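Colleague: Compute the structure for the input listed below.
(one chain, ligands or ions: 1)
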Amino acid sequence: MEVTDRARSGFKELQEEVLKLKRELNAIIVAHNYQRAEVQDIADFTGDSLELARECVGTRAEVIVFCGVLFMAETAAILNPDTTVLLSHRDAGCPLADTIDMDSLREWKGRYPQAAVVAYVNTSAAIKAESDICCTSANGAEVVNAIPDQEILFIPDRNLGHYVSTRTDKKVILYPGFCATHDNLTVGEVRAARQRYPEARVLVHPECRPEVIELADAALSTSQMLRYAKGSDARVFLIGTEEGMLYPLRKENPDKEFHLISDSLICPDMKRTTLETVIETMRARKNVVTVPEEIRVRAKKAIDGMLAIS
Ligand code: SF4
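Modeller: Have a look, this model is predicted:
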């Protein structure tokens, strides 16, 4: 899904339309690192979900256009209750976040009443509200080690939870959710890519399976990958996360090479957003994301707890 220069020039008219709508709406546009390159190009900020939600805090814009998936736009709405948040595609959800609903969370809490619930930010606002504290893929172990509880119910990603469990002495109970995009990456694909580029550093996301992480040089969140690639003296990298990540990596490191380990590292929900859907969303001021105040306040507490730690 690489976008050639010729294709990118075809986006110019659409990008100009987005910028015109942005002025009319007094909006800011934020885009996740996994978005299409041409969508990242029209954003005021790009980054991981939490970076984006935090970038919006204190904005004087009346509207935040969130190019990403639903739980991310909800997080922006939780942290920015007085700003209208629009999601760039009505159906852009996160199948990982959808692996846990309120009934299953309550059932698991009933099974482990003594455990503190640590929720990956890839969860709905309602699930965050029922959790003790949130974490990201960058700070999971830091959060788990900082809270006083010795037993942790980690939701919903079993692979990130397992990765965190290797970095703490505490007992970590894993909820069985996973992100299919990352979980599908296999040991065989990593080995084959290493054979093609024997000199490369292998960077994978902690949502990958434990046996894949074991083969990598580092398991990193998207923001950590950007920092690692910039600071590394290596020239070639094999990337084990969603395809969109190649764009900021290549943009920030034009003298280095980045290759996706597998062509299947594409999140269909992240790719729902196009320049056309951004324009439709802005024109109609539609896909407004709201979080009921009672849920927002409790979800914010779980997010603030994490921010106080990291
Ligand atoms: Fe959710 Fe995985 Fe897609 Fe990220 S890549 S939005 S975790 S399904």
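
Colleague: sec struct for Ala61, please.
Modeller: When classified by DSSP: H, G, I helix; E, B strand; the rest coil, Ala61 comes out as coil.

Colleague: show me the contacts for it.
Modeller: Contacts for Ala61 (CB atoms under 8 Å, 6 or more residues apart in numbering) come out as 26-28, 83. No exception for glycine: its C-beta is placed from N, CA and C like everyone else's.

Colleague: and whichever strand or helix holds Ala308, how far out from the chain's middle?
Modeller: Per DSSP states H and E: Ala308 is located in helix 293-309. How far helix 293-309 lies from its chain's middle: 18 Å, per CA atoms, centre = their mean, to the nearest Å.

Colleague: mean confidence score for it?
Modeller: For helix 293-309, the mean pLDDT works out to 96.

Colleague: interface residues of this protein facing the ligand?
Modeller: Contact residues, the chain versus the ligand (CB under 6 Å from any ligand atom): 69, 94-96, 122, 179, 181, 242, 267, 269-270.

Colleague: how about the contacts of Ala61 in CSV, adding distance to Lys171 and neighbour count?
Modeller: CSV is the format used below for the contacts of Ala61 (distance: CB to CB, whole Å; neighbours: other CB atoms under 10 Å):
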residue, distance to Lys171, neighbour count
Asn26, 49, 11
Ala27, 46, 21
Ile28, 42, 20
Thr83, 40, 19
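
Colleague: of the residues you listed, closest to the ligand?
Modeller: The shortest approach to the ligand among the contacts of Ala61 belongs to Ile28, at 21.1 Å (CB to the nearest ligand atom).

Colleague: any idea whether that closest one is helix, strand or coil?
Modeller: Under three-state DSSP, Ile28 comes out as strand.

Colleague: can I assume it is in contact with Asp44?
Modeller: Yes - counting by CB atoms under 8 Å, Asp44 is a contact partner of Ile28 at 4.7 Å.

Colleague: For stretch 41-52, give the mean pLDDT please.
Modeller: Average pLDDT, stretch 41-52: 92.

Colleague: The stretch 1-150 of the chain: strands as residue ranges?
Modeller: For the stretch 1-150 of the chain, the strands defined by DSSP state E, counting those that start in this stretch occupy 27-32, 45-47, 63-67, 84-87, 116-120, 133-135.

Colleague: Nearest spatial neighbour of Ala200, chain-adjacent residues omitted?
Modeller: For Ala200, ignoring the flanking residues on the chain, the nearest one in space by CB to CB, 6 or more residues apart in numbering is Val236 at 4.1 Å.

Colleague: mind checking pLDDT for the one you found?
Modeller: 98.

Colleague: list the contacts for it?
Modeller: For Val236, the contact set (CB under 8 Å, 6+ apart) comprises 197, 199-201, 256-257, 259.

Colleague: Now list the buried members of those residues.
Modeller: Taking 16 or more other CB atoms under 10 Å as the criterion, what is buried in those is 200-201, 256.

Colleague: Quick one: these as JSON lines, columns for distance to Ala146 and pLDDT too.
Modeller: Listed next are these as JSON lines, based on distance: CB to CB, whole Å; pLDDT from 0 to 100:
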{"residue": "Ala200", "distance to Ala146": "34", "pLDDT": "98"}
{"residue": "Arg201", "distance to Ala146": "29", "pLDDT": "98"}
{"residue": "Lys256", "distance to Ala146": "34", "pLDDT": "98"}
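
Colleague: for stretch 274-290, how far is the first residue from the last?
Modeller: 22 Å (CA to CA, to the nearest Å).

Colleague: what residues does that stretch touch?
Modeller: For stretch 274-290, the external contacting residues (CB under 8 Å, 6+ apart) are 11, 14-15, 17-18, 21-22, 25, 27, 29, 36, 38-39, 42, 63, 65-67, 70, 73-74, 76-77, 84-90.

Colleague: Please identify the buried residues of that stretch?
Modeller: Neighbour-count burial for stretch 274-290 flags 274-275, 277-279, 281-282, 287, 289 (criterion: 16+ other CB under 10 Å).
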